[in-house]
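Asker: this is a predicted model, with the sequence first.
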Amino acid sequence: MTPKTTFRVRRTTDGTLLVENPLNSSGETIDWTLLIDGNGNVMVDESQAVEPLSAVDVVESHHVYGLLGLTELAFGKYLIIVTARALAATVQAHKIWRITAGSALPVGLPEVVDKGMVPSDEVLLAKYELDQELLASIMSIVNSGHLYYSATYDVTHSLQYNYLLSTDQPLSAIIDDRYFFNKYLSVPILGIPRAAGLPWCLKTILGFAGEVHIDIPIPPDDIDQDVTTRSYTITLLSRTNRRRMGTRYARRGLDTDGNAANNVEMEQIVFEDDIEGNETVSSFVQHRGSAPGLWGQELDLSYTPKLIIGDIHKPHVWEAVRLHFEDYRWQYTPEKVVPSSLKTDGKVVCINLLDDRGLEGELTRMYEESVQRFENHRLMYEEFPINKWCKKMNFRNMDILIDRVRDRLINSGWFLAEGGVPSYWSTGTLRVSRLQTGLQRVSCLDSLDRTNLTCSLFARYILPFQIQSISPEHYPASEFFQVNGAGEGDVRDPVAALRNVMNPSSKKMTNLWADSGDAISLVYAGTRALKADVTRTGHRQWVKGSVDDGLNALTRYYLNNYVDGRRQDAYDLWTGKVSPEQIHKLATTHGLKKAQHIRQPFIAKGQGLLGRVVPGFVVDRVEPLLQAAFDYTKSVISDTHSSAELAKHLVFGSPQGHIDLKGEPKSPIGLLVSAAKIFAPDRVTSLSEVLGATVLSLYMLVFVKIFHVRGDLVVRRPKLSVEHETLHYLVEEVEHPVDVE
């Protein structure tokens, strides 16, 4: 059986969703249909048994490329579907697709969906409005262009892990679903026994997939011989770990289970374009991730918020660090995964790019001490403060780092096999000759800009080794390397000749890695990567590079303080970090306030004198300000007990401060700050939006400085995540963290 390009999702008059079989039927097998009834119950039945009685029963039909899962919010349940895609990369004959558009289909709710009726009941309206807001956040991930899948190949695992999973031998390596981004939303469907064997739900990664093709000359045996070339495909997959998914300041360091923020597995896959003539394929894996420890930075409008670091000598802090290092040891340097004949001396090399003094120096000392305390010969530490070594933008000094880790880089190895790679329906025909038994774990403060530059250099250094391993008959290595491997005293480059002839193709490689770095940076920080010009060209472009980095740094500052709260809520909804109780509680507060504003507007469009005279776009701007002022006045009235106290409170504000712990204004100054946030752009993708973000940021800073407003109360926090409220308690030894209720 083969997967269909698209399959239909139909909606019936009672709100039931019918999803047809995603596989082409052979005629001998039962044709199954996935059914999600009006109450959200999921089942699989024979297609004939659940077909609508007539075409009249079907009120809506969609051709989809796949499902991403089912989510339950306050008002109802919604099926997330993929409606558009673009080819991003290949792994041999397998195609990897980039999701470019999707939709959310309500389950049940026929009155709301089919008749366009907004609930009139205030409580239901509150839930409905909250659902629309949360759905917009969820769908922003679908439509971001950062989700990738393959209909035939499991992109959530590396090529080596897919091979190990296809074998019957017992494994000591940890192979799990940490990179299966939509796993949580897929559970209601994958949990149905018959549904698990049919690919209704796509297995996606959040990050990047791309490829380039390079032609490499074959050195002629004779000077009079014509130069021929071999063509290769380099595919790069970057997978974000969903276990500590989040935005730049909302997720730092480790959680108590040892999962790192911004943890990304980057896999460089290489194979010949002529896969019929040469089926050999190679892959090389690296990691990036936040510095391992319980630490964070609390947003307070400062450009560099102060660090909050947990002492690794405290049991609960050390346990998180220990679990993190143990996880790496069992993922990438397991003792019994491969026969001894295939083993190399692989290590996990923790490469720290942070400064060794100042604010980052605190993290550097924590990092070094943690690795020393772990005491395992397979976990090594390498410190390389880029800002010191590459002072004055002299990034040629990155060669010093390559030279320092070269032997360990080579000895970690790369995966090499011949044959067809495994698919969802086949174990493949791979005959493995080499496994990667170690890796580099690279990090800086954000694990974005300096980290991506370093990872791209490592990948470019290893690429000639991969190509030489694939085509040794065309590009022989030096005898020393073939016999001895990379020895401690071997300062020669065994693939130097191949490296030299590959130089004309280096531009394609650097652009591929820069594109990946931009994607990961957009996911975590909201902007493209800094120092991208160095990654793409190998040197600093003083004017353009500095201007680009300045704009990106300013945009990051704005997004981190005023937009990332909503993005964090979206990530938490995708990864199952939000409980139904949290959602319903938010409906009774935030949702109810929105419902009241809708039911009791100051200026109703098309109604009354003002509603008919004032243009709609003006109403859209003025109405939120009037509502904010009304809410502030109502809050002040409820907090005061006399007319004199009320007048004093309205003019001078609350003695407790301008803004309360929930971010609500308690003074006229607080009201001006809150009113400004109403018009804060949700994204910054154009020059006008950059200017708007800049003006808002300056406005806020002026008010904060002049009127002594607490910056940590001004920033827009996630509405569903509470980690920022427990951060101080997390790094201390507290049995019961702060009650965030």
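Answerer: Yes, it's here.

Asker: neighbours around L609, how many?
Answerer: 8 (other CB atoms under 10 Å). Placement of C-beta: from N, CA and C, glycine included.

Asker: with C350 instead?
Answerer: Look at C350: counted by other CB under 10 Å, it has 25 neighbours.

Asker: which ones are touching it?
Answerer: Going by CB atoms under 8 Å, 6 or more residues apart in numbering, C350 touches P292, Y367, V371, L379, M380, Y381, E382, R441, S443.

Asker: what are the structural domain limits within the protein?
Answerer: What automatic domain parsing lists as the domains of the chain is 7-129, 159-179+204-540, 572-730.

Asker: if we can go back for a sec, show only the entries of the contacts of C350 found in helices.
Answerer: The helices, defined by DSSP state H, take in Y367, V371 from these.

Asker: pipe the contacts of C350 into TSV and attach distance to Y632 per row.
Answerer: Conversion of the contacts of C350 to TSV gives the following (distance: CB to CB, whole Å):
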residue	distance to Y632
P292	44
Y367	46
V371	52
L379	55
M380	57
Y381	53
E382	54
R441	49
S443	44
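
Asker: quick one: the contacts of C350 as TSV, columns for pLDDT too.
Answerer: What follows is the contacts of C350, written out as TSV (pLDDT from 0 to 100):
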residue	pLDDT
P292	97
Y367	98
V371	97
L379	94
M380	95
Y381	97
E382	98
R441	98
S443	98
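
Asker: still on that earlier bit, looking at the domains of the chain, which is closest to S144?
Answerer: domain 159-179+204-540 (7.6 Å; CB to CB).

Asker: pull out the buried positions in the helix or strand encompassing F208.
Answerer: Element membership for F208 (DSSP states H and E) is strand 205-218. Residues of strand 205-218 classed as buried by neighbour count (16 or more other CB atoms under 10 Å): I205, L206, G207, F208, A209, G210, E211, V212, I214, I216.

Asker: same question, stretch 667-677
Answerer: For stretch 667-677, by 16+ other CB under 10 Å, it's S667, P668, I669, G670, L671, L672, V673, S674, A676, K677.

Asker: which of these fall within strands?
Answerer: Among the buried residues of stretch 667-677, no residue falls in strands (DSSP state E).

Asker: show me which of these is closest to F180.
Answerer: Nearest to F180 among these, with distances taken as CB to CB, is K677, at 35.7 Å.

Asker: check whether that closest one really touches L713, as I assumed.
Answerer: No: counting by CB atoms under 8 Å, K677 does not reach L713; the two are 11.6 Å apart.

Asker: distance to P472 and pLDDT for the buried residues of strand 205-218 - can I get that in CSV?
Answerer: As requested, these are arranged in CSV below (distance: CB to CB, whole Å; pLDDT from 0 to 100):
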residue, distance to P472, pLDDT
I205, 32, 98
L206, 37, 98
G207, 32, 98
F208, 30, 98
A209, 28, 99
G210, 27, 98
E211, 23, 98
V212, 22, 97
I214, 18, 95
I216, 13, 93
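
Asker: pull the most distant pair out of those.
Answerer: Between any two of those, the greatest separation by CB to CB is 32.5 Å, found for L206 and I216.

Asker: that older thread, of the buried residues of strand 205-218, which is the nearest to R11?
Answerer: Of all the buried residues of strand 205-218, R11 sits closest to L206, with 28.0 Å by CB to CB.

Asker: got a list of what the closest one touches?
Answerer: L206 makes contact with I141, H146, L147, F181, R239, T240, R242, M245, V523, according to CB under 8 Å, 6+ apart.

Asker: for E418, see how far away the second one is.
Answerer: Meaning H146. Using CB to CB, to the nearest Å, H146 is found at 33 Å from E418.

Asker: repeat that for the fourth one.
Answerer: From F181 over to E418 the distance is 31 Å, taken as CB to CB.

Asker: these two: which is more packed in?
Answerer: More crowded of F181 and E418, by other CB under 10 Å: F181, with 29 against 14.

Asker: the nearest residue to Y381 once chain neighbours are set aside - how many residues pack around it?
Answerer: Excluding its sequence neighbours, the residue lying closest to Y381 (CB to CB, 6 or more residues apart in numbering) is V371, at 4.1 Å. For V371, the neighbour count with other CB under 10 Å is 20.

Asker: please apply the same query to V501.
Answerer: Neighbours of V501 (other CB under 10 Å): 16.

Asker: ok, W97 next?
Answerer: Counted by other CB under 10 Å, the residues lying close to W97 total 23.

Asker: am I right that it is in contact with L147?
Answerer: No: contact criterion CB under 8 Å: W97 and L147 do not qualify, at 9.3 Å.

Asker: ok so, going back, and of the contacts of C350, the nearest to S103?
Answerer: Nearest member of the contacts of C350 to S103, counting by CB to CB, is S443, at 37.3 Å.

Asker: run a quick neighbour tally on the nearest residue to that closest one once chain neighbours are set aside.
Answerer: The shortest distance from S443 to any non-neighbouring residue, by CB to CB, 6+ apart, is to A291 (5.3 Å). Neighbour count for A291, taken as other CB under 10 Å: 25.

Asker: 51 is where my numbering starts, stick with that
Answerer: Renumbered: residue one is now 51, and that last one reads A341.

Asker: pretty sure A341 sits against L413.
Answerer: Yes: assessed by CB under 8 Å, A341 is found in contact with L413 at 5.0 Å.

Asker: quick check: neighbours shared by these two?
Answerer: Residues touching both A341 and L413 (CB under 8 Å, 6+ apart): L404, L495.

Asker: and L351, what helix or strand is that in?
Answerer: Assigning secondary structure by DSSP H and E places L351 outside every helix and strand.

Asker: below-threshold pLDDT in the stretch 151-300 of the chain: ranges please.
Answerer: Within the stretch 151-300 of the chain, the ranges that satisfy pLDDT under 70 run 160-168, 218-224, 272-275.

Asker: max pairwise distance over the contacts of L256: which two?
Answerer: I191 and R289 (14.9 Å).
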